[in-house]
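Colleague: No letters, just coordinates:
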């Protein structure tokens, strides 16, 4: 798909329609927690069907289906602004990212619907985006759904100045075997199933138009196998690493579980080209905001670039698992509380 002609001097790329990009466009974590603080609980006094709510910042909500013994219904929604210029790739990345919330809970996605906001092109708005580009985005999402065995059927769309795409996903799981933020125990290894640094490379892509296949490969890899491996290994606690970065998502899990952690920064896998891009000055503002939020809970004498990378705002990142699973590097371990991260 070629770049869209704007009313300005040159062509506009898909990522230039968004102020942020991917999961880096999330509301800053500290601000978001203040906004939703009054919602904690999320259940009535006599409501025992809600298995996982908003209390601990889990990846999705889960309710016990009383009519189906041993079944929890898992629900999530995730959408964001363009992270790459190719519309088909953006559709795939956004869909994989949305499905990841179900996998991070140890569930299996069974149905998804599209969520779309789109700046329509018409004679009165030549700076809008063409219909065929949106069709490619939706095609990417549908193809991921087929790969995951999860139909993507229908959805909702609105016109808007910035393009947005994602999915609302319904999944199922065992209510007694869900992977949760509040179930981490001390003395356990920490494993990470994908390398980090997609935020850095996406930031460079938006600035320069360079295409980074290695980042696209990471962002379009489903977390299905990692989730199944975690369940098979008896893991109880896990989360996916997305917009709040590795340090942010780890701290939220530690806080919910009342444990601490030690991270070996040199053991954390990093996507090829990330360190060079950081040295060249490419870094999302969301990554620095992540570090600002989590820094009071981090003990480290490592250099600033290392800490910023560990807080890099990921799009469609891997699972952070409290336990060991085949093929995933161990990057640290949990400790007795308090909920602090030591980075070595």
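Modeller: Happy to help now that I have it. What you are looking at is a predicted structure, and each value in this text was computed from that prediction instead of being measured. Numbering: from 1, shown residues only.
Colleague: any idea how far residue 340 is from residue 210?
Modeller: For residue 210, the distance to residue 340 equals 38 Å [Cβ to Cβ, to the nearest Å]. Just so you know, the C-beta spots here come from the backbone N, C-alpha and C atoms, and that holds for glycine as well.
Colleague: out of these two, which sits in the more crowded spot?
Modeller: More crowded of residue 210 and residue 340, by other Cβ atoms under 10 Å: residue 340, with 17 against 12.
Colleague: doesn't residue 260 make contact with the more buried one?
Modeller: Yes: counting by Cβ atoms under 8 Å, residue 340 touches residue 260, with 5.0 Å between them.
Colleague: quick one: low-confidence parts of the stretch 1-150 of the chain?
Modeller: Along the stretch 1-150 of the chain, the parts satisfying pLDDT under 70 run over 1-12, 20-62, 64, 66-68, 123-126.
Colleague: let's see it at 90
Modeller: 1-13, 16-71, 120-128, 130 (pLDDT under 90).
Colleague: So which residues of it form helices?
Modeller: Taking DSSP state H, counting those that start in this stretch as the criterion, the stretch 1-150 of the chain carries its helices at 29-36, 87-104, 131-148.
Colleague: Of all these, which one comes closest to residue 195?
Modeller: For these, the distance to residue 195 is smallest for helix 87-104, at 15.2 Å, taking Cβ to Cβ.
Colleague: just checking, what packs against the closest one?
Modeller: On a contact count with 3 or more Cβ pairs under 8 Å, 6 or more residues apart in numbering; DSSP states H and E, helix 87-104 meets strand 72-80, strand 108-118, helix 131-148, strand 164-173, helix 213-219, helix 224-232, strand 238-240, strand 319-322.
Colleague: chain center to that helix, what's the gap?
Modeller: Distance of helix 87-104 from the chain centroid (Cα atoms, centre = their mean, to the nearest Å) equals 9 Å.
Colleague: list residues touching both of residue 340 and residue 260?
Modeller: Overlap of the contact sets of residue 340 and residue 260 (by Cβ atoms under 8 Å, 6 or more residues apart in numbering) consists of residue 254.
Colleague: Report how many residues lie close to the closest residue to residue 269 other than its chain neighbours.
Modeller: Among residues not flanking residue 269 along the chain, residue 195 sits closest, at 3.7 Å (Cβ to Cβ, 6 or more residues apart in numbering). Using other Cβ under 10 Å, the number of residues around residue 195 comes to 19.
Colleague: what about residue 195, distance to residue 207?
Modeller: Counting by Cβ to Cβ, the gap from residue 195 to residue 207 is 21 Å.
Colleague: Same check on residue 115?
Modeller: For residue 115, the distance to residue 207 - Cβ to Cβ - is 27 Å.
Colleague: Those two: who's more crowded?
Modeller: Set side by side, residue 115 and residue 207 show more neighbours around residue 115, with 20 against 13, by other Cβ under 10 Å.
Colleague: and stretch 78-93, how far apart are its ends?
Modeller: 11 Å (Cα to Cα, to the nearest Å).
Colleague: Ok, stretch 308-316 next?
Modeller: Terminal residues of stretch 308-316 are spaced 18 Å apart (Cα to Cα).
Colleague: For it, give the mean pLDDT please.
Modeller: Regarding stretch 308-316, the rounded mean pLDDT is 97.
Colleague: how distant is it from the center of its chain?
Modeller: For stretch 308-316, the distance to the chain centre is 10 Å (Cα atoms, centre = their mean).
Colleague: Now it: buried residues?
Modeller: 308-316 (16 or more other Cβ atoms under 10 Å).
Colleague: what do you get for stretch 273-290?
Modeller: Within stretch 273-290, the residues that count as buried by 16+ other Cβ under 10 Å are 273-274, 277-278, 282-284, 286-287, 289-290.
Colleague: cool, and stretch 187-198?
Modeller: 188-198.
Colleague: Out of the residues you listed, flag the one nearest to residue 224.
Modeller: residue 193 (10.9 Å).
Colleague: show me the contacts for residue 18.
Modeller: 25, 81-82, 162-163.
Colleague: Would you quantify the distance from it to residue 145?
Modeller: The spacing between residue 18 and residue 145, counted by Cβ to Cβ, is 23 Å.
Colleague: and what of residue 242?
Modeller: Following Cβ to Cβ, the distance that separates residue 242 from residue 145 is 19 Å.
Colleague: residue boundaries of the strands in the stretch 201-344 of the chain?
Modeller: Along the stretch 201-344 of the chain, counting by DSSP state E, counting those that start in this stretch, strands occupy 238-240, 259-263, 298-300, 319-322, 330-336, 341-343.
Colleague: tell me which residues in the third one are buried?
Modeller: This means strand 298-300. Quick answer for strand 298-300 (16+ other Cβ under 10 Å): 298, 300.
Colleague: average pLDDT for that strand?
Modeller: 98.
Colleague: any idea how this protein splits into domains?
Modeller: Domain segmentation of the chain under automatic domain parsing yields 4-173, 189-343.
Colleague: residue nearest the centroid of the protein?
Modeller: Centroid check for the chain by Cα atoms, centre = their mean gives residue 242 as the closest residue, at 3.0 Å.
Colleague: okay, now residue 222: neighbour count?
Modeller: Counted with other Cβ under 10 Å, residue 222 comes out at 18.
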